[in-house]
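1. quick one: sequence plus predicted model below, questions after.
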Amino acid sequence: MRGLTANDIYNLYTDRSGNIWIGAIRVGACRFDGKTFTLFDKTDRPDLTKYFAIQAFVQDRHGTLWFGFSGGLFRFNGSSFVNVTQGGPWGDP
């Protein structure tokens, strides 16, 4: 799997379901569910995908995962990351 073997890990986060999220430089986010690692490396901002650097994770009270990239705020929609600008999208994935 492309990913964590030669990259710097920025942070770790455990969500409410017990998944461990790993943020690494130029890789994306890797989720470990206790058995399997899954890499999420797509955004709706191709200009940032090459320089992926997740610096913060948080899960809100509705279960939505939010990620702070070096290029802004992103919401995880279940398969990729959606850039959130000042005008939204703020709603459910």
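-> Looks like it came in fine.

2. spit out the contact partners of the closest residue in space to F52 that isn't next to it in sequence.
-> Leaving aside its sequence neighbours, F52 sits nearest to G28 (Cβ to Cβ, 6 or more residues apart in numbering; 5.0 Å). No exception for glycine: its C-beta is placed from N, CA and C like everyone else's. By Cβ atoms under 8 Å, 6 or more residues apart in numbering, the contact set of G28 is G3, L39, F40, D41, K42, F52, I54.

3. try 6 Å this time
-> G28 is in contact with L39, F40, D41, F52, counting by Cβ atoms under 6 Å, 6 or more residues apart in numbering.

4. and it, backbone torsions?
-> phi 120, psi -150 (degrees, to the nearest 10).

5. what's the weakest-modelled helix or strand in this structure?
-> Lowest on mean pLDDT, DSSP states H and E among the helices and strands of the chain sits helix 46-49, with a mean of 70.

6. now the residue positioned nearest the centre of the chain: which helix or strand?
-> In the chain, the residue lying closest to the centroid (Cα atoms, centre = their mean) is A29, at 4.6 Å. For A29, the host element (DSSP states H and E) is strand 28-32.
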